[in-house]
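**Q** need a structure here:
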Amino acid sequence: MVAIFCVCFLLLFAAGYCYQNLSRITGIIASQSSEFIDASLAVDNNYRQNYPECAHTGKKANFAWFQLDLKNRYSLKSVKIFFRNEATWPPYRIRQFYLDVSNSSADTSTQRVRCYTDNTTAPATPAPVLDIPCKQTARYVIVETTYHAPEDTDSTGPVLEICEIEVIGNH
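**A** Numbers count the residues shown, from 1 in each chain. This next block holds a predicted model:
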């Protein structure tokens, strides 16, 4: 009888603290400010950090954003981002990016909460995989940048290359 009580107690009370990767929920929508390579590649469960297996914004804009619409508000714990990272292509395009969460989309949102700002300056590059604490309640997860890397002779503006994103949270 005690064992049954313990199991019931754990199921009822501990379940509220179980976190899951919300980016795997059916129906979520990945989108970008512009499309060079489809945004859905950032949530395809492929962790290879190589071109062309990553979501990739266009190359001629004043800013670049990627957003994940979770379709409902969730209690978030952290966001883990896997950026493009190859021997001949380090993650220099992600310098100066920021991570926001909101209850409205990137193209309309004025009410955002900033979870992280990257302050890396050239020639250094941020880590190609970042696990960012973000204890907020939100529907949208937004990665954005206005930074144009000086090494980037292939584009004329900021670019985001996100290979995979994990949003850890619960209801």
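**Q** ranges for the helices of this protein?
**A** Secondary structure of the chain by DSSP state H: the helices cover 2-9.
**Q** low-scoring pLDDT stretches of the protein, where are they?
**A** For the chain, the stretches flagged by pLDDT under 70 are 1-17, 109.
**Q** if we go to 90?
**A** 1-17, 35, 60-61, 105-111, 152-156, 171 (pLDDT under 90).
**Q** Give me the residue at the spatial middle of it.
**A** residue 165 (4.6 Å; C-alpha atoms, centre = their mean).
**Q** who's in contact with residue 136?
**A** Taking C-beta atoms under 8 Å, 6 or more residues apart in numbering as the contact definition, residue 136 lies against 76, 101, 113, 115. (Glycine included, C-beta is placed from N, CA and C.)
**Q** for residue 99, which residues make a bridge with it?
**A** Taking DSSP bridges as the rule, residue 99 bridges to residue 116, residue 143.
**Q** now do residue 30
**A** Per DSSP bridges, the residues bridged to residue 30 are residue 68.
**Q** Just give me the neighbour total for it.
**A** Other residues within reach of residue 30, judged by other C-beta atoms under 10 Å, total 20.
**Q** Would you mind listing the residues in contact with the closest residue to residue 115 other than its chain neighbours?
**A** Residue nearest to residue 115 in three dimensions, not counting chain neighbours: residue 134, with 3.7 Å by C-beta to C-beta, 6 or more residues apart in numbering. By C-beta under 8 Å, 6+ apart, the residues touching residue 134 are 76, 77, 78, 79, 99, 101, 115, 116, 141.
**Q** is it true that the third one touches residue 168?
**A** Yes: with contact taken as C-beta atoms under 8 Å, residue 78 and residue 168 are classed as touching, separated by 4.8 Å.
**Q** Run the chain-centre distance for stretch 97-108.
**A** Centre-to-centre, stretch 97-108 and its host chain are 11 Å apart (C-alpha atoms, centre = their mean, to the nearest Å).
**Q** Would you mind measuring from residue 75 to residue 169?
**A** 5 Å (C-beta to C-beta, to the nearest Å).
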